[in-house]
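Q: how would this look folded up:
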Amino acid sequence: MIRAHTSVPDPQLVLEQVGVRYGDTVAIDDLDLVVNRGEIMSIVGPSGCGKSSLVRVIAGLVGPYRGRVTIAGAVVADERTWVPPEKRGVGVVFQEYALFPHLRLGDNVGFGLPGGDASRRRVAEVLELVNLAPLADRYPHELSGGEQQRAALARALAPRPQVLLLDEPFSNLDRNLRDQVRHDTVVAMQEEGVTAICVTHDRAEALVVGSRVAVMRDGRLEQVDTPEAVYHAPASRFVAAFLDDADLVAGTAADGVAETRFGRLPIQPDSMTGPVEVMIRPHEVTIHPDEDGDGFVDLVEFRGGSIAHRVRLADGSTVLALRRHTDALALGTRVRVEVVVEHPLTAFVRDDTVPMPMTSAS
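A: As a prediction, this is how the structure comes out:
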């Protein structure tokens with residue numbers, strides 16, 4: 001996936017201390033976010049964390065009870081200002097696509113444009129951008145799911161929005177089609193130079209789509225950074241466990257290294273000292289059948305190209321390891337565990353009052 005990184009900050013969408021609530025329920029709490037011009041940002045988090053409320057407050061479908069929303073330098077919502085949705089320059093692609101069934105594709109895409117030759121040229125331009133130009137005369141029911149998704153994207157792009165919001169846009173598609181349509185969508189948005197937010201519950205999708213990823217939890221942003229940073233250097237235990245399977249291994253840190261039951265492991269930040277927990281992911285764990293090993297396999301999960309093995313250690317803790325699909329070990333196999341990495345692992349200050357995150361195989 002090609003990513004458009006913004007080298008010089010150029011804020012196009014700014015949220016400052018934004019709060020949204022429904023009755024007594026707080027959906028978004030004191031949220032700050034900056035999305036730069038031409039940037040595609042992924043917003044990811046568990047159900048109920050506030051992702052859809054974030055889309056609604058940017059689009060103007062709900063109002064914040066506090067804070068400020070600024071689009072292209074103009075305040076669209078604060079305690080004194082309210083700009084209605086149709087005047088914000090925001091395009092939205094919803095999960096359901098919401099195409100008009102009685103209009104042909106070209107008319108769907110041109111809906112809301114002023115008309116005339118300029119509008120017809122713009123419709124033709126965006127249909128070409130999403131590879132739907134030959135289907136301009138078809139009705140929505142004559143389009144496949146992937147074609148309907150691209151049609152919804154074309155309609156959202158046609159008015160040249162200041163910000164494009166995509167709310168779970170690929171979730172209605174099957175896996176193989178979703179990957180291709182997602183790639184085509186990102187390429188089209190990059191070619192158009194659009195500033196976009198893509199909201200998803202799919203962790204892998206968030207890492208693929210966004211040049212930056214914002215991880216939400218309980219109405220707040222836990223971390224906003226590049227996909228590589230949020231995955232390899234999570235800011236919290238929640239981010240570590242949410243983005244992928246993760247285990248935390250107890251250790252003692254000094255001079256950029258943690259002494260653990262699996263030996264000396266390089267850690268970040270390298271300034272940490274004293275008791276820590278080191279995050280390891282299953283692909284960093286190797287297990288070897290060994291009758292003298294201090295653990296045994298107590299769960300096996302087939303995952304297609306790999307097989308996950310949960311190893312229960314002598315002290316009752318567990319660690320997850322991946323092996324090739326041809327190298328499955330039987331339940332009960334005694335094993336020796338190794339952690340071999342060529343990069344620093346993220347460490348957190350050890351706090352016995354904070355429960356360690358569970359891997360999905362636990």
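Q: now do the SS call for the residue nearest the centre of the chain.
A: Residue closest to the average C-alpha location in the chain (CA atoms, centre = their mean): residue 206, at 2.6 Å. For residue 206, the assignment made with DSSP: H, G, I helix; E, B strand; the rest coil gives helix.
Q: pretty sure it contacts residue 199?
A: No: contact criterion CB atoms under 8 Å: residue 206 and residue 199 do not qualify, at 9.1 Å. In short, each C-beta sits where N, CA and C put it, glycine included.
Q: need the overlap of contacts for these two.
A: 42-44 (CB atoms under 8 Å, 6 or more residues apart in numbering).
Q: just the ones in strands from those residues, please.
A: 42-44 (DSSP state E).
Q: okay if I get those residues as TSV plus pLDDT?
A: Below are these laid out as TSV (pLDDT from 0 to 100):
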residue	pLDDT
42	97
43	97
44	97
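Q: among those residues, which one has the most neighbours?
A: residue 43 (29 neighbours; other CB atoms under 10 Å).
Q: what about that one, distance to residue 123?
A: 29 Å (CB to CB, to the nearest Å).
Q: what of residue 211?
A: Taking CB to CB, one finds residue 211 at 28 Å from residue 123.
Q: of the two, who's got more company?
A: Per other CB under 10 Å, whichever of residue 211 and residue 123 has more neighbours is residue 123, with 23 against 20.
Q: show me what the helix or strand of the chain with the lowest mean pLDDT is in contact with.
A: Ranking every helix and strand in the chain by mean pLDDT, DSSP states H and E puts helix 175-192 at the bottom, with a mean of 90. Contacts to helix 175-192, defined as CB under 8 Å, 6+ apart, come from residues 1-2, 4, 40, 129-131, 145-146, 149-150, 153, 157, 164, 166, 169-171, 173, 196, 205, 208-209.
Q: pull out the buried residues from the residues you listed.
A: Among the contacts of helix 175-192, those classed as buried by 16 or more other CB atoms under 10 Å are 4, 40, 129-130, 146, 149-150, 153, 157, 164, 166, 169-170, 173, 196, 205, 208-209.
Q: so where's the stretch 151-300 of the chain shaky on pLDDT?
A: Within the stretch 151-300 of the chain, no range satisfies pLDDT under 70.
Q: ok, the residue nearest to residue 45 when sequence neighbours are not counted - contacts?
A: Nearest-residue entry for residue 45: residue 216, 3.3 Å, with adjacent residues in sequence omitted and distances by CB to CB, 6 or more residues apart in numbering. By CB under 8 Å, 6+ apart, the contact list for residue 216 reads 43-45, 49-51, 54, 222.
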